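Peer 1: Quick one: sequence and predicted model below, then my questions.
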Amino acid sequence: MTSSLKIVKYPHPALRQKAQPVTAITAEVRQVAARMLELMYEHEGLGLAAPQVALPWQLIVLNFSADPEDKENEFVAINPVILESKGSVVGREGCLSFPGLYQNVRRAKTVKVQAYNLQGEPYEMLCHDLPARVWQHEIDHLHGILFIDRMGSLGRERSARELEQFVAEFEEEKRKGLLPADLAPRL
């Protein structure tokens, strides 16, 4: 199953589903996390959430340096939550499910997060700036919230053409039988 995982693009409906908590850390969960890390690095991302590979699990992988050799900045987070957030900062964001689209998004400057690792051990992390932004972006994915939902009206206006193109590509993939016909996008 894990070898067939791929990153789904907007407006795939899996991106809008709320993920369910992971209740057991099985071999499958470990294999999925490993494959998600591979995909994240392959696409030069900083994070990837399970809904982005069409799995409704509260599982994310992150590496704030995007460097597969930098294991110190690599994290697997199961059932992550933001415990605290402080400050506010606007920064440029992109998403692996929206290749090539970047816009400014307002996020908390600092977050304190809690999650479980692959050994089932809880951990907390206090992050600022880019790592805080990555955590917020990926945790949003677990709730069906996309970075386009966090853009201001100007960002949405500037992104309209790209979003229409993503929808057209999605419909074309369905028409060609590359996606099941019953996958209806939610805009």
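Peer 2: Perfect, I can see it now. All values derive from a computational prediction rather than experimental measurement.

Peer 1: make it CA atoms for all contacts and neighbour counts henceforth
Peer 2: Fine.

Peer 1: Mind pulling up the pLDDT for N117?
Peer 2: In the predicted model, N117 carries a pLDDT score of 98.

Peer 1: nope, L179 is what I meant
Peer 2: 78.

Peer 1: isn't it right up against E173?
Peer 2: Yes. In this structure L179 lies within contact range of E173 using CA atoms under 8 Å: 5.9 Å.

Peer 1: so I60 is in which element?
Peer 2: Using DSSP states H and E, I60 maps to strand 59-63.

Peer 1: For that strand, name the packing helices and strands.
Peer 2: When contacts are defined as 3 or more CA pairs under 8 Å, 6 or more residues apart in numbering; DSSP states H and E, strand 59-63 packs onto helix 27-42, strand 47-49, strand 74-86, helix 129-142.

Peer 1: May I see the buried residues of the longest helix anywhere in the chain?
Peer 2: Counting residues, the longest helix found in the chain (DSSP state H) is helix 153-175. Going by neighbour count (16 or more other CA atoms under 10 Å), the buried part of helix 153-175 is R156, S159, L163, F166, V167, F170, E171, K174.

Peer 1: Partner strands of the strand holding I60, with direction?
Peer 2: Paired neighbours of strand 59-63 in the sheet (DSSP bridges): strand 47-49 (antiparallel), strand 74-86 (antiparallel).

Peer 1: Now do it against helix 27-42: the angle between them, please.
Peer 2: Counting by axes from the mean of the first three to the mean of the last three CA atoms, to 10 degrees, strand 59-63 points 40 degrees away from the direction of helix 27-42.

Peer 1: between strand 59-63 and helix 129-142, what angle do the directions make?
Peer 2: 160 degrees.

Peer 1: re earlier: next, format the buried residues of helix 153-175 as CSV and append distance to G91.
Peer 2: Formatted as CSV, the buried residues of helix 153-175 follow (distance: CA to CA, whole Å):
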residue, distance to G91
R156, 15
S159, 16
L163, 20
F166, 23
V167, 25
F170, 28
E171, 31
K174, 34
